[in-house]
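> model this:
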Amino acid sequence: MDVKWIVTDMDGTLLNSRDEITERTKKALIACQEKGIRLILASGRSYIRQMPYAKELKLRKYGGCLIENNGLTVNDMTPGGRHKLAYLGQKDVERLFPVLQKWEVEIQGYEDDGVYYWIPDWQRPLKEQERQKKGYPDDYPLVAGAWGWIGENINSYPRQIEIYTMEELPMKLNKMNATDREDRIHELYQFFEKEFTGQYEFVRTGPRLIEISPKGITKGQTLKRLMEAAGIRPEEVMAFGDGENDVDMFRTVKYGIAVGNAADYVKEHAFDVTATNNEDGIAAALEKYGVI
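Model (predicted):
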């Protein structure tokens, strides 16, 4: 197997349940880069939340790359090498925000270094209960995470701003998220499939979360652009993932590897399934196929 690029999702794939890269996986990925294999981190995160891990994996030293915001931005780790391909504008916000408001889900709007969030009244008591249960201070932001009513990534975005009206959102956003209980997110996703097909990219990156991006912006489409520009063939790329936003990458490359904790839908589209993110799934697959 002549692998020239390794592309990996971060949350639930590269990172274990403690948001860490295990020592075995880190050594494996650095060894691959030492052999001349290019490493690309492809995530729904912006560069602020990717950079600590990029530094840990020495991406700048070895000429790695970041695919940020589910494909919205490319950062080839060189000065001036960060390029934003699209954004959600004011017309998009004015279209989407009222719809999500009617569904009474939490609405999140993301910039590179900040998240704006609107909370429906019925969710607020649940968030305050969780804040108290986890022992967070009273001023801890109530913005939701992928797995609960309150996120644990307070240091990930320097600006976390609660809003009360649509007019408080910026004119340009990287993406919008909707968060709620799993059953309601499933219903909302079905609604989007019916009402907004072909107009936006929307994926469930977790059971409680839908991410909405500009049309044509996916990890897979951005990866395809990079491969075509560099003359890299699908059989020369191995991609790792666990979520629905990784399936498009699997369609783009020959060797799409789902970690063991991935959703069944993701595994169905994978070339192979490896161990979970807590069991060094990436390193195990690299060893299995003789990449290292």
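
> which intervals of the stretch 101-250 of the chain have sub-threshold pLDDT?
152-155 (pLDDT under 70).

> show me where it has helices.
For the stretch 101-250 of the chain, applying DSSP state H, counting those that start in this stretch gives helices covering 124-133, 182-195, 219-230, 244-252.

> so which of these gets nearest residue 208?
If you check each of the helices of the stretch 101-250 of the chain against residue 208 by CB to CB, helix 182-195 wins as the nearest, at 5.6 Å. C-beta: built from backbone N, CA, C; applies to glycine.

> in the closest one, what's buried?
Within helix 182-195, the residues that count as buried by 16 or more other CB atoms under 10 Å are 185, 188-189, 192.

> same thing with stretch 214-221?
For stretch 214-221, using 16+ other CB under 10 Å, the buried residues are 214, 217-221.

> mind giving me CSV with the buried residues of helix 182-195 and columns for distance to residue 228?
Below are the buried residues of helix 182-195 laid out as CSV (distance: CB to CB, whole Å):
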residue, distance to residue 228
185, 34
188, 34
189, 30
192, 29
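
> So which of those is the closest to residue 254?
residue 189 (28.7 Å).

> Compute the distance between that closest one and residue 75, please.
Per CB to CB, to the nearest Å, residue 189 is found 29 Å from residue 75.

> hmm, back to that, what is the nearest of the buried residues of stretch 214-221 to residue 49?
residue 219 (15.4 Å).

> List the contacts of the closest one.
The contact partners of residue 219, by CB atoms under 8 Å, 6 or more residues apart in numbering, come to 9, 42, 67, 70-71, 245-246, 248-249.

> For these, please prepare TSV with the additional fields distance to residue 161.
What follows is these, written out as TSV (distance: CB to CB, whole Å):
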residue	distance to residue 161
9	27
42	27
67	26
70	22
71	25
245	25
246	29
248	31
249	32
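
> Skipping adjacent residues, who's closest to residue 221 in space?
Spatial nearest neighbour of residue 221, excluding adjacent residues (CB to CB, 6 or more residues apart in numbering): residue 71 at 5.9 Å.

> As a markdown table, the helices of the stretch 101-250 of the chain with distance to residue 3 would be great.
Below are these laid out as a markdown table (distance: least, CB to CB, whole Å):
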| stretch | distance to residue 3 |
| --- | --- |
| helix 124-133 | 42 |
| helix 182-195 | 34 |
| helix 219-230 | 13 |
| helix 244-252 | 14 |
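
> Could I get the buried residue list for stretch 12-24?
Of the residues in stretch 12-24, 12-16, 21-22 count as buried by neighbour count, 16+ other CB under 10 Å.
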